[in-house]
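>>> can you look at this prediction? I've put the sequence above it.
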Amino acid sequence: MDISTLHPAPVWRHFSTLCRIPRASGQERALRDELAAWARARGLGVKVDAIGNLVLSKPASPGYENRPGVVLQGHLDMVCQKNGGSAHDFARDPVRPVLRDGWVTAGDTTLGADNGIGVALALAVLEAGDLVHPALEVLLTVDEEAGMHGALGLKADAVQGRLLLNLDTEEWGELYIGCAGSADVIADAPLPTEAPTPGWQAVSVRLSGLAGGHSGIDIHRLRGNAIKLLAGLLYEFAETNVDFQLATLAGGTAHNAIPREAEATLCLADATRLQAVADRHLERLRRELTSEDSGVRIEIAPSVVTPGAALTGEATRRVVALLHGLPYGVRAMSQDMPAVVETSNNIGEARLADGRLHVNAMVRSLREDGIRRLAAEIVYLFSVAGVDHVQATGAGPGWIPNPDSRLLALAQDVYRRTFGGEATVQVIHAGLECGVFGALWPEMDMISFGPTIRGAHSPGERVEAASVERAWRLLTGILADIPARL
């Protein structure tokens with residue numbers, strides 16, 4: 001079914017525009033230019049800052065001029081993930097949304113509902129002529145998924161509003177007032193190589209079929225990480241006295257996505273024992289992983305490329321042990337907020353090519369010292385393995401919860417009157433740009449909400465259509481009820 005049949009029609013029309021124009025992180029210019037032209041044609045204010053963030057503005061409705069201005073906020077970029085074998089080119093091809101059983105999805109690729117639906121909600125508010133609201137600014141940042149670089153580059157005078165509605169969370173019925181901070185631990189170092197031993201053969205070992213997901217929202221779901229699981233298999237090869245050299249490794253494509261597949265090229269004298277070890281390993285994985293990862297598989301085949309060089313035996317042992325030993329998943333749960341993850345790590349990317357190892361791990365925590373301590377532990381593990389070119393870099397501060405927020409109280413009241421129930425107040429383990437905004441604008445009152453999205457950062461990402469309509473009603477209800485003093 002065509003998503004043009006959905007309501008509210010303006011929201012889905014704007015979302016279709018976002019699907020039509022490629023918008024990978026760092027490549028948002030074409031979309032930004034189209035939205036700026038759209039806004040100018042309607043007499044809206046348009047500003048683009050030096051980083052490329054877009055701010056669109058609209059005056060208050062008659063009678064709302066004395067009410068505090070509101071900032072509606074989302075990010076333009078999307079995580080670009082696709083299933084193996086897909087020919088989709090995220091730099092050129094449109095995402096093709098379809099409606100299936102009440103959910104909008106794109107099948108073999110990410111949909112970009114994170115955060116395209118939030119952007120579409122904000123644009124639909126700007127377009128509507130029948131809504132009442134205070135002065136509005138729509139702040140659309142760039143490069144959020146790759147490290148919040150757009151938000152981190154904002155100047156203090158970028159917006160004038162005192163209230164901010166972030167539209168970038170993914171569980172309808174929940175109002176968010178806090179989020180985790182994060183840091184990337186990035187290793188990039190040359191390792192000793194040599195020509196493979198004469199007479200040895202090259203074999204490809206591929207682990208795939210995992211569910212993947214968002215490294216913050218889904219990290220507690222115990223989903224398998226393909227890099228970690230492949231490293232465990234290679235470690236088991238070594239433990240069963242299979243002598244091999246590691247030539248290449250490739251797994252994951254984004255620091256904030258749980259890798260679904262990974263592949264290594266090994267050089268070894270005799271590959272006959274690999275399949276039996278792999279079969280035992282796969283049987284154990286199927287017992288240990290959740291039903292979401294029931295499609296896990298391991299494939300071993302002759303390599304189509306014969307490597308000219310591979311890591312030395314000693315370097316192979318160190319790298320395999322390192323990747324096998326790196327922490328992945330939940331490190332600690334919050335004692336202050338039950339059922340909320342406090343600290344975690346995701347091994348998002350691992351590459352070995354031409355003797356150079358690149359690994360990107362993303363540490364998240366609600367506590368600054370939680371980020372610092374786990375990042376330092378990972379840096380230490382790399383140093384023990386002889387990988388010296390490694391550093392921890394901050395991707396974004398956390399958002400400290402304010403349970404006494406007046407904007408939160410207003411949103412709860414609107415939710416109660418509109419839907420006849422209570423919204424849940426939450427802190428999210430994922431990173432939101434509100435952490436950056438809180439540091440830049442300490443007096444800004446902020447909350448975050450959005451429709452229900454499943455599988456963000458992975459192919460098969462989907463958004464529940466009915467929850468988009470409910471998010472629209474909550475958003476417009478809040479805007480209409482902003483009092484003169486808040």
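Happy to help now that I have it.

>>> all contacts plus neighbour counts: C-alpha atoms, from now on.
Noted.

>>> need the strands for the stretch 151-300 of the chain, in chain order.
163-166, 174-179, 181-190, 193-194, 201-208, 213-214, 244-251, 257-258, 262-268, 297-302 (DSSP state E, counting those that start in this stretch).

>>> what about the closest residue to R96 other than its chain neighbours, distance to G26?
Take R96 and drop its neighbours on the chain: the residue closest to it by Cα to Cα, 6 or more residues apart in numbering is A106, 5.7 Å away. Taking Cα to Cα, to the nearest Å as the measure, A106 and G26 are separated by 22 Å.

>>> tell me where the model's unsure across this protein.
Counting by pLDDT under 70, the ranges of the chain that qualify are 1, 395.

>>> what is the lengthiest strand in it packed up against?
Taking DSSP state E as the criterion, the chain has its longest strand at strand 341-353. Here strand 341-353 touches helix 226-239, strand 244-251, strand 257-258, strand 329-333, strand 356-365, going by 3 or more Cα pairs under 8 Å, 6 or more residues apart in numbering; DSSP states H and E.

>>> for L322, find the nearest of these.
Of all those, it is helix 226-239 that lies closest to L322, at 8.6 Å by Cα to Cα.

>>> got the angle for the closest one vs strand 201-208?
Angle between the axes of helix 226-239 and strand 201-208 is 140 degrees (criterion: axes from the mean of the first three to the mean of the last three Cα atoms, to 10 degrees).

>>> could you check how far A128 is from L44?
For A128, the distance to L44 - Cα to Cα - is 12 Å.

>>> more neighbours: these two, which one.
L44 (17 against 10; other Cα atoms under 10 Å).

>>> can I assume the more buried one is in contact with A60?
No: counting by Cα atoms under 8 Å, L44 sits too far from A60 to count as a contact (11.8 Å).

>>> need the strands for the stretch 301-450 of the chain, in chain order.
310-311, 329-333, 341-353, 356-365, 390-396, 424-428, 445-448.

>>> quick one: residues contacting the residue nearest to S344 when sequence neighbours are not counted.
Spatially, and ignoring its direct neighbours in sequence, S344 is nearest to V330 (4.4 Å; Cα to Cα, 6+ apart). V330 is in contact with 219-220, 341-345, counting by Cα atoms under 8 Å, 6 or more residues apart in numbering.

>>> pick the one among those closest to Q201.
N345 (35.4 Å).

>>> show me the contacts for the closest residue to P302 other than its chain neighbours.
Counting by Cα to Cα, 6+ apart, P302 lies nearest to V203, which is 4.4 Å off, once chain neighbours are set aside. The contact partners of V203, by Cα under 8 Å, 6+ apart, come to 265-268, 271, 300-303.

>>> cutoff 7 Å now
265-267, 300-303 (Cα atoms under 7 Å, 6 or more residues apart in numbering).

>>> again with L6
L6 neighbours (Cα under 7 Å, 6+ apart): W12.

>>> how many neighbours does the nearest residue to G112 once chain neighbours are set aside have?
Take G112 and drop its neighbours on the chain: the residue closest to it by Cα to Cα, 6+ apart is M78, 5.3 Å away. Neighbour count of M78, defined by other Cα under 10 Å: 28.

>>> one step back: need the contact partners of the longest strand of the chain.
So strand 341-353 is in contact with 215, 248-259, 327-334, 357-366, 370, 429, going by Cα under 7 Å, 6+ apart.

>>> show me which of those are buried.
Buried residues within the contacts of strand 341-353, defined by neighbour count using 16 or more other Cα atoms under 10 Å: 215, 248-259, 327-331, 333, 357-366, 370, 429.

>>> chain center to stretch 231-240: distance?
Its chain's C-alpha centre and that of stretch 231-240 lie 30 Å apart, by Cα atoms, centre = their mean, to the nearest Å.

>>> what's the answer for stretch 87-103, then?
So, by Cα atoms, centre = their mean, the centroid of stretch 87-103 is 18 Å from its chain's centroid.

>>> endpoints of it, how far apart?
So stretch 87-103: terminal residues 24 Å apart, Cα to Cα.

>>> can you list contacts of it?
The contact list for stretch 87-103 (Cα under 7 Å, 6+ apart) reads 1-3, 19-22, 24, 80, 104-106, 111, 462-465.

>>> what lies in contact with whichever helix or strand A120 is part of?
Element membership for A120 (DSSP states H and E) is helix 113-127. Outside helix 113-127, the residues that touch it by Cα under 7 Å, 6+ apart are 10-11, 14-15, 18, 58, 72, 74-76, 78, 138, 167-168, 450, 456, 463, 472.

>>> export it to CSV, keeping only CA atoms.
The C-alpha trace of helix 113-127 is given here as CSV (Å, rounded to 0.1, in the frame of the first residue of the first chain):
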residue,chain,number,x,y,z
ALA,A,113,12.2,7.1,10.3
ASP,A,114,15.0,7.9,12.7
ASN,A,115,14.7,10.8,12.5
GLY,A,116,12.8,11.5,9.3
ILE,A,117,9.4,11.2,11.0
GLY,A,118,10.4,13.8,13.6
VAL,A,119,11.5,16.2,10.9
ALA,A,120,8.3,15.6,9.0
LEU,A,121,6.2,16.3,12.1
ALA,A,122,8.0,19.7,12.5
LEU,A,123,7.7,20.6,8.8
ALA,A,124,4.0,19.8,8.9
VAL,A,125,3.5,22.2,11.8
LEU,A,126,5.2,24.9,9.8
GLU,A,127,3.0,24.2,6.8
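
>>> thinking again about what came up before, any idea of the angle the longest strand of the chain forms with strand 329-333?
Using the same axes, to 10 degrees: strand 341-353 against strand 329-333 is 160 degrees.

>>> now the angle from strand 341-353 to strand 244-251?
120 degrees.

>>> same question for stretch 162-181: list its buried residues.
Result for stretch 162-181 [16+ other Cα under 10 Å]: buried residues 163-181.

>>> so I378 versus D388, what's the distance?
Relative to D388, and taking Cα to Cα, I378 is found at 12 Å.

>>> the more surrounded of those two?
I378 (23 against 15).

>>> tell me the contacts of that one?
So I378 contacts L326 (Cα under 7 Å, 6+ apart).

>>> go again using 8 Å as the cut-off
185, 326-327.

>>> state the distance from it to I227.
Distance from I378 to I227, by Cα to Cα: 16 Å.

>>> before we move on, what about S383?
Applying Cα to Cα to S383 and I227 gives a distance of 19 Å.

>>> for C19, same thing?
30 Å.

>>> and L268, by the same measure?
Distance from L268 to I227, by Cα to Cα: 21 Å.

>>> more neighbours: which of those two?
Relative neighbour count places I227 above the other of L268 and I227, with 29 against 19, counting by other Cα under 10 Å.

>>> what sits against the spatially closest residue to A264 that is not a sequence neighbour?
Sequence neighbours aside, L249 is the residue nearest to A264 in space, at 4.3 Å (criterion: Cα to Cα, 6+ apart). Each residue near L249 by Cα under 8 Å, 6+ apart is listed here: 262-265, 350-353.

>>> so how far is stretch 264-278 from its chain's centroid?
34 Å.

>>> ok, stretch 189-200 next?
35 Å.

>>> neighbouring contacts of that stretch?
245, 267-270, 307-312, 315, 355-358, 387-390.

>>> next one: stretch 465-480
6-8, 70, 102-104, 117, 121, 125, 131-134, 172, 410-411, 414-415, 418, 449-452.
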